[in-house]
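# sequence plus the predicted model coming up.
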Amino acid sequence: MKNKLVDLNNHLFEQLERLNDDELTDAELEKEIKRSKAMAGIASNIVANAQLALDSQKFATEYLSGGRNEKLPEMLELRKCDTQKR
């Protein structure tokens, strides 16, 4: 994988520096604001995806890899349906 979360952090700080440039014209500033909003939206998705990956790993470690508790939480357990009653 080419990009890492540290790269995202660097891009966001670079964008912050561009927004803080006192020499920007109003039009240039407006362009940077639009770019910042787009970057923030994408960054939020990247962070959410990373959080999902981390949560998945924590789940696998705790419940599937012999962690403290090898039993799935009740709400995630599959139950056999009694199909004969239908």
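Okay, I see it.

# which outside residues touch the helix or strand encompassing L16?
Using DSSP states H and E, L16 sits within helix 5-19. For helix 5-19, the surrounding residues in contact (Cβ atoms under 8 Å, 6 or more residues apart in numbering) are L24, L29, E32, I33, R35, S36, M39, A40, A43, I46, V47, A50. (Each C-beta comes from the backbone N, C-alpha and C, glycine too.)

# how much space separates A27 from V47?
A27 sits 30 Å away from V47, going by Cβ to Cβ, to the nearest Å.

# E23 now?
Computed as Cβ to Cβ, the E23 to V47 distance reads 31 Å.

# more neighbours: which of these two?
It is V47, of E23 and V47, that has more neighbours when counted by other Cβ atoms under 10 Å, with 12 against 5.

# looking at the chain, which helix is longest?
For the chain, the helix reaching the highest residue count under DSSP state H is reported as helix 26-59.

# tilt between that helix and helix 5-19?
Taking axes from the mean of the first three to the mean of the last three Cα atoms, to 10 degrees, one finds helix 26-59 and helix 5-19 inclined to each other by 160 degrees.

# which elements pack onto helix 26-59?
With contacts taken as 3 or more Cβ pairs under 8 Å, 6 or more residues apart in numbering; DSSP states H and E, helix 26-59 sits against helix 5-19.

# list the buried residues in the helix it packs on.
Buried residues in helix 5-19, counted by 16 or more other Cβ atoms under 10 Å: L8, Q15.
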